[in-house]
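Asks: The following comprises the amino acid sequence and a computationally predicted model.
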Amino acid sequence: MLKATIDAETFRESIDAVAALVTECRLHVDEAGIRTCAVDTANVAMVSLELSKDAFETYEAAPEELGIDIAKMKSILGMMSKGDLLSLNLAEGSHRLELSFGSYQYSVTLLDVNTIRKDPSPPAIELPGKVDLSGSALSSAIKAADVISDKIALGIDEKAETFFMMAEGDTDHIRLELGRDQLIDIRPAEARSLFSLDYLKDMGKVMARTEKVRAEIGVDHPVRFLFDLADGNGHIQYLLAPRIEAE
Amino acid sequence: MLKATIDAETFRESIDAVAALVTECRLHVDEAGIRTCAVDTANVAMVSLELSKDAFETYEAAPEELGIDIAKMKSILGMMSKGDLLSLNLAEGSHRLELSFGSYQYSVTLLDVNTIRKDPSPPAIELPGKVDLSGSALSSAIKAADVISDKIALGIDEKAETFFMMAEGDTDHIRLELGRDQLIDIRPAEARSLFSLDYLKDMGKVMARTEKVRAEIGVDHPVRFLFDLADGNGHIQYLLAPRIEAE
Amino acid sequence: MLKATIDAETFRESIDAVAALVTECRLHVDEAGIRTCAVDTANVAMVSLELSKDAFETYEAAPEELGIDIAKMKSILGMMSKGDLLSLNLAEGSHRLELSFGSYQYSVTLLDVNTIRKDPSPPAIELPGKVDLSGSALSSAIKAADVISDKIALGIDEKAETFFMMAEGDTDHIRLELGRDQLIDIRPAEARSLFSLDYLKDMGKVMARTEKVRAEIGVDHPVRFLFDLADGNGHIQYLLAPRIEAE
């Protein structure tokens, strides 16, 4: 059972963050809020989303697992206007989720959760290097690398206390270095790992308008991006596996 | 013979309304103004346009039938800027229509009217339910339905005095209900008919910026949309045949 | 050797002007500035660019010939923001050009100049008719002609002292006439030549935002477009061969 109202923009951002990686997911609903965790089909990237009940205007729920067609949800939410209030309604035992906003009422049949991959258990990796920066700086760096390559190295220069990203094309090379004054914060540690730009581009689009993104990196380890929404009542986490650097 | 000047925007809107359904038409010119009526190739939708001489800045004409390549006209008019004054000139007995605006002078050879379908006679159907609403509300409803289906039901809930539209996808459902306070006016009557979204989308784009559209509906009958332009000196009418509702 | 800084916008405009015709070029660098001259693969159009050292914020160079991948350069420069200062660095004897702006550092391997066509010698044609007009007027005229044809005649009506352009489609015709009051200046002379719109469209996009373009035309002769950038410290010239007018 779910009976809740939420700011349209907040819910849309949440769904968009998940839609960057998967087309369907299991949405867990309980008294505390909603959450999901999903891995892309290639097992390379993971997204987890948590929206606490405080992110909602009104919220009432009993524990349940909902099979969500993320792609369809995204196009329905695309019809909402800024400032709209979205009502979510799922009756006890029902398989139809009602979404209302403005004068619209959508009724969406839920997917059978058994046809959707089980939630992965988010790996508890400790990544030593931590950088806080604006989402737009991160997104620009990803776009700049994309001009000449299909992969990008993210790292920290421990001595210089800078966050760097590097990409190599067949004949070209790009390096971006951000120091303390261009970052929100940095906790230096030896770190440098290589990632596929394909995934980063999709994540970058989602994070572009986020004020603060925490990036956690290690040496040939995954990268973790963490950011908030709904005034800190929502949390999104991306985890992306590294690529093996060709020698 | 035709010798007239008209606000560029007004003429462009008129041509765009016709271009939503057909690529060529017979334009009837006489002392009272210009008008056309055309049916799409599948015989499902009809558009009729009337621009009285008062919609023009200056107007002088003798009765004539002009074969217009609507698609080409649309791209020429696309070159005009807002505020431009368009001059239309067709000499007695000539087959070349001159269009001038700004420093531009286009000369367009008319199509042979005999190669263009005769004007249909607009059917004199009386449709009992009548709703006046903003073009943007109508256009949004059409877009919202398009997310989950390829057809839409339009109707009136006689008791509730609401205008509704409903669409069904394979597993989903959308319903929009507009009451008196969201409509400009409503004359309730039992009404509910099903229409193809393909046609409605094209019409919806044209009507999106119109302040007031009159929609007339019945039970398994066509829908008629009526709206004005040029301060009431121009009238456009769309008529769309219903689809048979699958049982 | 090259060590220079320049306003991002100025350099981007320069490269865009060259990119309209060719994908690679030889860039000549010396104490006085940089310049290039290139002909498109079909030998129909030529572009020449000169940026004097005064167009740069700082400038230091020894004579050298650089093989530039214009297409790649264009996408890298697309990452720069308005107001950015671009640093160009090529060490003595090196084949890697370093471009830095903001926190970004691109390193681009130069092409082997021997694989790039030699610079043409710009033909010293004297074209009698000269017209100064805004780039936006020129660009609009080109777009308007493109609606109905793939070629355009540019000319001067010597008696009326007007600059005209004409295009003929299979059945249609457009004529644009600009008099003294719509031009910046005109030096009338008998002139009328026919050109391919394919080339003019690409040039038109580049010139659209230019305040003043000088167009030089003759009778069945090439057209030359000249315009400045960087407050007169940069000069661009397009030369386009005429098409033979079918009788």
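Replies: Received it, and whenever you're ready, just let me know what you need.

Asks: Give me the buried positions along the helix or strand A:Glu177 falls within.
Replies: Using DSSP states H and E, A:Glu177 maps to strand A:172-178. Within strand A:172-178, the residues that qualify as buried are A:172-176, A:178, counting by 16 or more other Cβ atoms under 10 Å in any protein chain shown. (Each C-beta comes from the backbone N, C-alpha and C, glycine too.)

Asks: Identify the residues contacting the most centrally placed residue in chain A.
Replies: With distances taken as Cα atoms, centre = their mean, A:Ala17 lies nearest the centre of chain A, 4.2 Å away. Applying Cβ atoms under 8 Å, 6 or more residues apart in numbering or on different chains to A:Ala17 gives the contacts A:47, A:49, A:206, A:236.

Asks: Just put those residues in JSON lines and tack on distance to chain C and secondary structure.
Replies: As requested, these are arranged in JSON lines below (distance: Cβ to the nearest Cβ, whole Å; DSSP: H, G, I helix; E, B strand; the rest coil):
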{"residue": "A:Val47", "distance to chain C": "27", "secondary structure": "strand"}
{"residue": "A:Leu49", "distance to chain C": "31", "secondary structure": "strand"}
{"residue": "A:Val206", "distance to chain C": "20", "secondary structure": "helix"}
{"residue": "A:Ile236", "distance to chain C": "26", "secondary structure": "strand"}
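
Asks: which two in the residues you listed are spaced the farthest apart?
Replies: Within the contacts of A:Ala17, two members stand farthest from each other by Cβ to Cβ: A:Leu49 and A:Val206, at 11.1 Å.

Asks: which parts of chain A sit against chain B?
Replies: Residues of chain A that fall close to chain B, judged by Cβ under 8 Å from any Cβ of the partner chain: A:72, A:75-76, A:78-79, A:96, A:103-109.

Asks: Quick check on those residues: which are buried?
Replies: Buried among the residues of chain A next to chain B (16+ other Cβ under 10 Å): A:72, A:76, A:79, A:103-109.

Asks: Could you verify that the residue nearest to the centre of chain A is part of a helix?
Replies: Yes: in this structure, A:Ala17 lies within a helix as judged by DSSP: H, G, I helix; E, B strand; the rest coil.

Asks: domain parsing for chain A?
Replies: A:2-115, A:129-240 (automatic domain parsing).

Asks: between those domains, which one is nearest to B:Lys130?
Replies: domain A:2-115 (19.1 Å).

Asks: So for the closest one, mean pLDDT?
Replies: For domain A:2-115, mean pLDDT is 95.

Asks: How far off centre is it?
Replies: Distance of domain A:2-115 from the chain centroid (Cα atoms, centre = their mean, to the nearest Å) equals 14 Å.

Asks: Need the distance between the two termini of it.
Replies: Start and end residues of domain A:2-115 are separated by 21 Å (Cα to Cα, to the nearest Å).

Asks: now stretch A:163-180
Replies: Length of stretch A:163-180, first residue to last, Cα to Cα: 9 Å.

Asks: rewinding a little: anything in the strand holding A:Glu177 sitting right up against chain C?
Replies: Yes: against chain C, strand A:172-178 shows contacts by Cβ under 8 Å from any Cβ at A:172-178.

Asks: name the helices or strands packed onto that strand?
Replies: helix A:135-146, strand A:162-168, strand C:104-109 (3 or more Cβ pairs under 8 Å, 6 or more residues apart in numbering or on different chains; DSSP states H and E).

Asks: Each with direction, which strands does it pair with?
Replies: With DSSP bridges as the test, strand A:172-178 is paired with strand A:162-168 (antiparallel), strand C:104-109 (antiparallel).

Asks: Now the next helix or strand after that strand: buried residues?
Replies: The C-terminal neighbour of strand A:172-178 among helices and strands, as given by DSSP H and E, is strand A:185-187. The neighbour-count check on strand A:185-187 (16+ other Cβ under 10 Å) flags A:Ile186 as buried.

Asks: Establish whether strand A:185-187 and chain C are in contact.
Replies: No: if you take Cβ under 8 Å from any Cβ as the test, strand A:185-187 misses chain C, and the best it gets is 13.9 Å.
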